[in-house]
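Colleague: heads up, no residue letters with this:
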């Protein structure tokens, strides 16, 4: 009897836990609704080219997209009041003509919404951005690390920010050599196996040389490509944009970075109220989000070919565990072919009987996703691609 007490105690404990589990109800906290949506201004006054500004509104947490601020009147204005208008290219996106602006002047953005509310950014000093000296890469233990070098002989930049646009070549696992046209198989003339895919930076990349004796950025770690990345399987390219900033603009982006990238643990800093340098001229108490600087932009491109990497490198294809082996449709009549092939399943190659007959008996097929690379990118070769 004594030996059974622990077992009986465990049984009672399990019963209690099951009873407690049955009492648990899902908890959905109430989300505090914002009394209004705030204007968000995204853009940079480009002293040497086209200025693009995006206007949107903040949204509730339950919303799926941020509403754009369309049909606004937007212009660049210098310290003397000279204006350079922007036109709306798509709802909420406004662009200027290609401009060459005097970097010795101050500039701001002025806008008027469709309902008549006026906003302006603070006047900021124009800054010319030095060129990017070098983009390089190094093979490291966990992948290919991309680096950037830059400097300013005049020691006038000090605060740098970067964005990038990357493109890589990829290929679908299978080649569709034929297509079904009006019930008949004809050779496919368009290459839908080789494609290119692009992506843009989503993290905030910046660095300061303010505490250095020389205005030199050396081997800034721009991006890590994991050792098994499918981006390196054939050829990879990255186009990096560099911007000179003021100290105030640098602080704005650094605060935004900490608010968005450094939260989630007990030891991370609390989020800081972020406003920027855009103000409402119609209501001084209205909160506006965004910072509009004024500088030129310089850029540089780097290519990495798979042939430059170690021969034993093992890169993903991007199709791992997604594509089964092709099967065979043993038929030649139009009705069966039409029923067997569609936008979902594509013909690959001809299938023949065994010797000595060697007669055409049908076609191999695979899911379109595995034979048409356009599901993941474009088969139009970029004009900058070698």
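Modeller: On my side now, so go ahead. Given the structure is predicted, the values throughout are model-derived calculations rather than measurements.
Colleague: what stretches of this structure score poorly on pLDDT?
Modeller: Along the chain, segments meeting pLDDT under 70 span 1-35, 62, 262-272.
Colleague: which residue is nearest the middle of it?
Modeller: residue 200 (3.8 Å; CA atoms, centre = their mean).
Colleague: who's the spatially closest residue to that residue that is not a sequence neighbour bridged to?
Modeller: Distance criterion CB to CB, 6 or more residues apart in numbering; nearest residue to residue 200, sequence neighbours excluded, is residue 165 at 5.1 Å. The way it works is simple: take the backbone N, C-alpha and C, and place the C-beta from them, glycine included. Listed by DSSP bridges, the beta-bridge partners for residue 165 are residue 200, residue 239.
Colleague: residues near residue 165, how many?
Modeller: Per other CB atoms under 10 Å, the neighbour tally for residue 165 reads 15.
Colleague: verify the contact between it and residue 197 for me.
Modeller: No: assessed by CB atoms under 8 Å, residue 165 is found out of contact with residue 197, at 11.7 Å.
Colleague: ok, now which ones touch the residue nearest to residue 200?
Modeller: By CB atoms under 8 Å, 6 or more residues apart in numbering, the contact set of residue 165 is 198-201, 238-239, 241.
Colleague: could I get those residues as TSV with distance to residue 386?
Modeller: Below are the contacts of residue 165 laid out as TSV (distance: CB to CB, whole Å):
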residue	distance to residue 386
198	16
199	20
200	21
201	23
238	14
239	14
241	21
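Colleague: now these: which count as buried?
Modeller: Among the contacts of residue 165, those classed as buried by 16 or more other CB atoms under 10 Å are 201, 238-239, 241.
Colleague: which of those sits closest to residue 64?
Modeller: residue 201 (23.3 Å; CB to CB).
Colleague: how about the contacts made by that closest one?
Modeller: Going by CB under 8 Å, 6+ apart, residue 201 touches 162-165, 223.
Colleague: returning to that earlier point: return the member of the contacts of residue 165 nearest to residue 302.
Modeller: residue 238 (5.3 Å).
Colleague: surely the closest one and residue 301 touch.
Modeller: Yes: taking contacts as CB under 8 Å, residue 238 lies within contact range of residue 301: 7.0 Å.
Colleague: joint contacts of the two?
Modeller: Here residue 238 and residue 301 share the contacting residues residue 135, scored by CB under 8 Å, 6+ apart.
Colleague: so where do the helices sit in the stretch 201-350 of the chain?
Modeller: Secondary structure of the stretch 201-350 of the chain (DSSP state H, counting those that start in this stretch): helices at 247-261, 334-340.
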